[in-house]
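Asks: model the structure of this input:
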Amino acid sequence: MAFFKRVQKKVNDLWYPQSVTWGKAVTTREVADELSFISTVTRGDTYAVMENLGRVLSNFMGQGRTVKIDGIGTFYYTATSTKRGVPTAEEVSASLINGVRVRFLPLSLIHISEPTRH
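Replies: Numbering: from 1, shown residues only. The predicted model follows:
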């Protein structure tokens with residue numbers, strides 16, 4: 001479910017949805033506690049794995065790879081360009097990129113809960 005508020009832009013007086021979050025951020029400890037509660041792994045073991053997950057994701061993504069984690073989702077990079085485009089392929093270079101973001105596509109709960117059909 002998306003959480004948003006309605007915001008009117010002063011530039012064009014049009015209304016747009018703007019994403020918002022609720023409450024304080026969930027901590028690593030809270031996630032580790034929840035995972036240990038629903039599994040057979042201790043909180044300490046879960047916490048240790050989660051502490052290193054960022055480093056591992058960064059390493060693989062630094063190699064230009066997408067990371068797909070079963071039960072969680074997919075992490076990948078997107079880039080934004082400084083210009084609308086250039087006339088020839090030869091003119092395309094990294095200097096045209098002005099921003100890189102990590103995107104996350106969560107695994108849909110619908111796919112998890114659907115029964116397997118043979």
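
Asks: for the residue positioned nearest the centre of the chain, which residues make a bridge with it?
Replies: Most central in the chain under C-alpha atoms, centre = their mean is residue 104, positioned 2.3 Å from the mean C-alpha point. Taking DSSP bridges as the rule, residue 104 bridges to residue 75.

Asks: measure it to residue 75 for me?
Replies: The gap separating residue 104 from residue 75 is 5 Å, by C-beta to C-beta, to the nearest Å. All C-beta atoms are positioned from the backbone trio N, CA, C, and that covers glycine.

Asks: also residue 25?
Replies: Counting by C-beta to C-beta, the gap from residue 25 to residue 75 is 18 Å.

Asks: which one of these two is surrounded by more residues?
Replies: residue 75 (18 against 6; other C-beta atoms under 10 Å).

Asks: what residues does the residue nearest to the centre of the chain make contact with?
Replies: Residues near residue 104 by C-beta atoms under 8 Å, 6 or more residues apart in numbering: 73, 74, 75.

Asks: which regions of the protein lie under the pLDDT threshold?
Replies: 1-2, 109-118 (pLDDT under 70).

Asks: ok, longest helix in the chain?
Replies: helix 43-62 (DSSP state H).

Asks: helices and strands around that helix, which ones?
Replies: Using 3 or more C-beta pairs under 8 Å, 6 or more residues apart in numbering; DSSP states H and E, the elements in contact with helix 43-62 are helix 28-37, strand 67-69, strand 73-81.

Asks: try 6 Å
Replies: helix 28-37 (3 or more C-beta pairs under 6 Å, 6 or more residues apart in numbering; DSSP states H and E).

Asks: now the angle from the helix it packs on to helix 43-62?
Replies: Angle of helix 28-37 versus helix 43-62, following axes from the mean of the first three to the mean of the last three C-alpha atoms, to 10 degrees, is 110 degrees.
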